[in-house]
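Undergrad: starting from these lines, generate the structure:
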Amino acid sequence: MRWLNSCRAKHHKSAGIGSRCRSPSKPVSVALLGEGGRPREPPGHAQVINLQLIVKRGQRTKRIDNQNTTNMEAPKDHRPCIVLRGSTTKKSAYSLVNRMWVAGLRKRGYRVITDADSAGVGRTATVVIHHDFEDRFGEIKPPEHGKFVAVRTWDFGPYPPAWVDIINAQCDQLWVYSRWVCEQAVNSGIAADRVRVIPLAFDHAVFRREGPRYRLPSPKRFVFLFVGAAVKRKGIDILLDAYTRAFSRDDDVALVIKDHSGDVFYSNISYKDQIHRVSRDRDAPEIIYINAYLEAADLASLYRRCDVAVFPYRAEGFASPILEALATGTPPIVPNFGACRDYCTPSNAFMLPVKRIALPVNRRFAFNTLGFEEDLDGVDFCETPVDTLVDFLVDAYNANAVDLAKKAATAADSVRKEYTWQRAIDRVIECLDELDNGMVPVRFR
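TA: Next up is the predicted model:
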């Protein structure tokens, strides 16, 4: 898997991505559960021929051969207790990831406790994973017991210095979604041997080329698609400018903007007023504005209905909508910069040449609508020239249908093998195994 390699070009051995997995010969202190409650042999270990369990009953002991354990419940203390801090029920990207991680770990035999059922966890926690972007990171209290993992991406380049200090002092690992964010974390001063890349994934049963197509209120031949919060960080202003320069109402083209202005992180900063203003302009090219949360099946059908997706972002930590567009065979126009380069290439996407903007700032920034602010030493993001995006939009609109179909097929095939939730859970378990090393948690050393 690509993400098992180091995310840091100059520090392949120190970045710790895939380089600190335990040796197959190292004993495992945590048993995964197989069918019938039998401990499952960890991958890479020699088969255990004569497994025996000793069960105490008062002063007597009974020896039970492994052939008779089919209906026996394995001792609970043989399983790690993973506590996940963060919602699993909200309509947000991080909450979806939490749901998939919890389901995947439980399926593999791990005991996972979430916010919803965390009362009385106490000393039972083996690892506490904090994955909740609605918490102020600087105010997070580390757990009293167990290893501490922070899942904290940062979209704008170097991490805030306050976060760097917290992670180095309190966290045994930092999980990020992309190699780009990993590189930024390490370059910010976070200990390289603690940073792990755990890519996101998509539902293969839903996001595929075959399936129903969304019914749009437009007869236009060619349809572009933007999915995500319609905010400046994601480049909606660049897209509106380029689209209205490239086309007019007479052109056989439409742009679908799938916004979700009710998202807690983007409340009152959406470009919905500007979008409505352009859509009412009789001379402007057609815009179809969908400002609502769509269930996964409806979203997949929307991708399939459109010809090309457009994501001229300035900064992203992973950008799941781009991955979903690829999976459904809707080739995207994306910056040749940042997180999307983990899975976008010239063969499956249209890669925009962009201007990289990396500079010191030394000021305080508000970075969401929850009122969160951080002091930053610098930023590192990209800017797509409007004229460049105009050219790419026109070229896509005029592209040969056969060539575009080949690009769509390549896009769908390119991500189906690597970006599965099973592989993401494999990676989570690798990282958890690394924490099962007998070392005292960082914050207690």
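
Undergrad: next, count neighbours for V361.
TA: Other residues near V361 come to 14 when the count uses other CB atoms under 10 Å. (C-beta placed from N, C-alpha, C; glycine too.)

Undergrad: doesn't it belong to a helix?
TA: No - secondary structure of V361 (DSSP: H, G, I helix; E, B strand; the rest coil): strand, not part of a helix.

Undergrad: that one: what's it in contact with?
TA: With contact taken as CB atoms under 8 Å, 6 or more residues apart in numbering, V361 is in contact with L376, D377, G378, V379.

Undergrad: from these, which two are the most distant?
TA: Across the contacts of V361, no pair lies farther apart than D377 and V379, at 9.0 Å, counting by CB to CB.

Undergrad: any idea how far the closest residue to I287 other than its chain neighbours is from S301?
TA: In space, and not counting its chain neighbours, I287 is closest to S279: 4.2 Å by CB to CB, 6 or more residues apart in numbering. The gap separating S279 from S301 is 22 Å, by CB to CB, to the nearest Å.

Undergrad: which one of those two has more residues nearby?
TA: More neighbours surround S301 than the other of S279 and S301, with 18 against 15 (other CB under 10 Å).

Undergrad: may I see the buried residues of the helix or strand hosting that one?
TA: Per DSSP states H and E: S301 is located in helix 296-305. Across helix 296-305, burial judged by 16 or more other CB atoms under 10 Å covers L299, A300, S301, L302, Y303, R304, R305.

Undergrad: domains in this protein, by residue range?
TA: For the chain, the structural domains run 2-18+79-201+422-444, 31-74, 222-415, going by automatic domain parsing.

Undergrad: in JSON lines: the ones you listed, plus mean pLDDT and distance to R215.
TA: Shown next, in JSON lines, are the domains of the chain (pLDDT from 0 to 100; distance: least, CB to CB, whole Å):
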{"stretch": "domain 2-18+79-201+422-444", "mean pLDDT": "86", "distance to R215": "23"}
{"stretch": "domain 31-74", "mean pLDDT": "36", "distance to R215": "45"}
{"stretch": "domain 222-415", "mean pLDDT": "93", "distance to R215": "8"}
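
Undergrad: can you put the ones you listed in CSV and add distance to R208?
TA: As requested, the domains of the chain are exported to CSV (distance: least, CB to CB, whole Å):
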stretch, distance to R208
domain 2-18+79-201+422-444, 14
domain 31-74, 29
domain 222-415, 6
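
Undergrad: report the buried residues of the helix or strand hosting D395.
TA: Element membership for D395 (DSSP H and E) is helix 386-397. Neighbour counts using 16+ other CB under 10 Å place V386, T388, L389, V390, F392, L393, V394, A396, Y397 of helix 386-397 among the buried residues.

Undergrad: out of these, who's nearest R221?
TA: Nearest to R221 among the buried residues of helix 386-397, counting by CB to CB, is Y397 at 9.1 Å.

Undergrad: against P80, how distant is P312?
TA: 43 Å.

Undergrad: same question for I425.
TA: As for I425, its distance to P80 is 14 Å (criterion: CB to CB).

Undergrad: more neighbours: which of the two?
TA: More neighbours surround P80 than the other of I425 and P80, with 25 against 20 (other CB under 10 Å).

Undergrad: the more buried one and T126, how far apart?
TA: Taking CB to CB, one finds P80 at 4 Å from T126.

Undergrad: pretty sure R443 contacts E144?
TA: No - R443 is beyond contact range of E144, at 10.1 Å (criterion: CB atoms under 8 Å).

Undergrad: A242: what secondary structure?
TA: Judged by three-state DSSP, the three-state class of A242 is helix.

Undergrad: and the residue nearest to P335 when sequence neighbours are not counted, how many neighbours?
TA: Counting by CB to CB, 6+ apart, P335 lies nearest to V354, which is 4.5 Å off, once chain neighbours are set aside. Per other CB under 10 Å, the neighbour tally for V354 reads 22.

Undergrad: centre of the chain to stretch 96-107, how far?
TA: Distance, stretch centre to chain centre, for stretch 96-107: 13 Å (CA atoms, centre = their mean, to the nearest Å).

Undergrad: for that stretch, which outside residues touch it?
TA: Outside of stretch 96-107, the residues within contact range by CB under 8 Å, 6+ apart are 82, 84, 86-89, 112, 114, 129, 131, 200-201, 421-422, 424-425, 428-429.

Undergrad: what comes up buried for it?
TA: Across stretch 96-107, burial judged by 16+ other CB under 10 Å covers L96, V97, N98, R99, M100, W101, V102, G104, L105.

Undergrad: what inclination does the helix or strand that contains R245 have with respect to helix 386-397?
TA: In this assignment (DSSP H and E), R245 forms part of helix 236-246. Using axes from the mean of the first three to the mean of the last three CA atoms, to 10 degrees, the direction of helix 236-246 lies 60 degrees away from that of helix 386-397.

Undergrad: which strands and helices lie in contact with helix 236-246?
TA: For helix 236-246, the elements it packs on are strand 222-227, strand 253-259, helix 272-280, helix 386-397, judged by 3 or more CB pairs under 8 Å, 6 or more residues apart in numbering; DSSP states H and E.
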